[in-house]
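A.B. asks: Kindly generate the corresponding structure for this input.
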Amino acid sequence: MLDTIRKLFTKSVPYMVGIDIGSHSVKAVLLSEQHGVYRVEEALVEPMPKGMIKDSEIQDIEAVARVVNKIRKQIPKSIKHAAVAISGSSVITKVIYMDVTLSDSELESQIEIEADSLIPYPLDEVSLDFEKIAVNKADPSKIDILLSAARTENIEARSHAVNEGGFEPKVLDVESYALSRAGQLCIGQLPDDADKKVVAFIDVGSQITLLSIIEGERSLYTRDQVFGGEQFTNSIVSYYGRSFEESEKAKVNGDLPPNYTFEVLAPFQTALLQQIRRSIQMFLNTSEKDNVDYIVLSGGTSLISGLDRLLIDELGIHTVIAKPFAELEIAAELDSEDIDLIQSQLMIATGLALRSFSQCHI
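C.D. replies: Residues are numbered from 1 along each chain as shown. Predicted coordinates for the structure are as follows:
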């Protein structure tokens, strides 16, 4: 069973393009590295036809593959491999504890034996993998193991879409961990003590909001919520009788009636604030932590003017909009102004691209 997707979880292959397949668009990032310095070689966003992704599941593999192929045509032909990710209710990650003396093969056998009680799906429908994290602090005879499980059909759908789009999927990741990994590039936006504090990375996509909380380089908590910017767009559709596409454009360019702030924007901001507040409280209730020190906000919805200030005022938590490329070199042929406008939407794709240089779970 563990061999089902083992080749997707194996060691990183340099110069993979990170491909984030979302319900609203496909984002792609290609990074290179020299002497410890990352450079952005490509950063792309291609629109996704509406309805192709629902609840994080691909509805039409061929349609998604066509969008991925548009990315393929803009990436150097020498780049053949891709890192992709999954999320949603079909993905389960758990930290479990095993005897520190067990070898990898013994761990596989033990996990397969215990998986039936750990995973709420039939095991013949699930693919598993694991990664050693560290020796357990409370009990040195145990080692902390990150167990990841996902429905095989969802994994295969993403792999097939990427493959048909022209890339070979080499790494399969979990979106929340890709978000945390890219978040390490944003630590410089926060006060100097951020690398020792509890930081929440919140990516508000079209349909899904991801929460990933870290302390230093250690992952503490992840959560996916079915909530996103599409609710905002749908409110514009219902209030002003515009098509979904027209409403998406109006949301970005501000072509809306003056009273939309009260009719549409304020209710959406309130709903988003409630989602974030609830998620943070759930984290605090299940951990020994007393508070979250900083928030890094990303995703297309993070570009709503004043959203960072709203979280600061209402939650009392220092909040910034993610700029993962702020301290990276930008390839000369890229327009740095255009890159600056879209970089907060590219956190997951960036975290996937970083798998070219790191195997770790964050």
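A.B. asks: count of residues packed around residue 152?
C.D. replies: 18 (other C-beta atoms under 10 Å). (C-beta placed from N, C-alpha, C; glycine too.)
A.B. asks: Excluding sequence neighbours, find me the nearest residue to it.
C.D. replies: Computed as C-beta to C-beta, 6 or more residues apart in numbering, the closest residue to residue 152 that is not its neighbour in sequence is residue 127, at 4.7 Å.
A.B. asks: and that neighbour, what are its bridge partners?
C.D. replies: residue 150 (DSSP bridges).
A.B. asks: wait, it sits on residue 147?
C.D. replies: No: using C-beta atoms under 8 Å, residue 127 is not in contact with residue 147; the gap is 11.7 Å.
A.B. asks: Who has more neighbours out of the two?
C.D. replies: Legend: neighbour count by other C-beta under 10 Å for residue 127 and residue 147, higher for residue 127 (23 against 19).
A.B. asks: So what's the predicted local confidence for that one?
C.D. replies: We have a pLDDT of 82 for residue 127.
A.B. asks: any idea which element residue 201 lies in?
C.D. replies: strand 198-204 (DSSP states H and E).
A.B. asks: How about residue 256?
C.D. replies: With DSSP H and E as the criterion, residue 256 is inside neither a helix nor a strand.
A.B. asks: And it, how close does it get to residue 323?
C.D. replies: 26 Å (C-beta to C-beta, to the nearest Å).
A.B. asks: Only the buried residues of the longest helix along the chain, if you could.
C.D. replies: Longest helix in the chain by number of residues (criterion: DSSP state H): helix 266-285. The neighbour-count check on helix 266-285 (16 or more other C-beta atoms under 10 Å) flags 268, 269, 272, 273, 275, 276, 279, 280, 283, 284 as buried.
A.B. asks: Go ahead and confirm the fifth one touches residue 224.
C.D. replies: By that I understand residue 275. No: Residue 275 is not in contact with residue 224 according to C-beta under 8 Å; the separation is 11.3 Å.
A.B. asks: overlap in contacts of those two?
C.D. replies: residue 209 (C-beta atoms under 8 Å, 6 or more residues apart in numbering).
A.B. asks: Tell me the strands beside the one helix or strand residue 40 maps to, with direction?
C.D. replies: Per DSSP H and E: residue 40 is located in strand 37-47. As defined by DSSP bridges, the strand partners of strand 37-47 come to strand 25-34 (antiparallel), strand 329-330 (parallel).
A.B. asks: which residues touch residue 173?
C.D. replies: Residue 173 touches 83, 84, 85, 86, 351, 352, 355, counting by C-beta under 8 Å, 6+ apart.
A.B. asks: got a markdown table for the residues you listed, with neighbour count too?
C.D. replies: A markdown table is the format used below for these (neighbours: other C-beta atoms under 10 Å):
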| residue | neighbour count |
| --- | --- |
| 83 | 28 |
| 84 | 29 |
| 85 | 24 |
| 86 | 21 |
| 351 | 32 |
| 352 | 32 |
| 355 | 28 |
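A.B. asks: So which of these are in helices?
C.D. replies: Per DSSP H, these map to helices at 351, 352.
A.B. asks: In the contacts of residue 173, which has the lowest confidence score?
C.D. replies: Per-residue pLDDT puts residue 86 lowest of the contacts of residue 173, at 87.
A.B. asks: Okay, and the beta partners of it?
C.D. replies: Beta-bridge partners, per DSSP bridges, of residue 86: residue 174.
A.B. asks: quick revisit: out of the contacts of residue 173, who's nearest residue 219?
C.D. replies: For these, the residue nearest residue 219 by C-beta to C-beta is residue 351; the value is 12.2 Å.
A.B. asks: host element of the closest residue to that closest one other than its chain neighbours?
C.D. replies: In space, residue 351 comes closest to residue 178 once its chain neighbours are excluded; the distance is 3.2 Å by C-beta to C-beta, 6+ apart. Following DSSP H and E, the helix or strand that holds residue 178 is helix 175-183.
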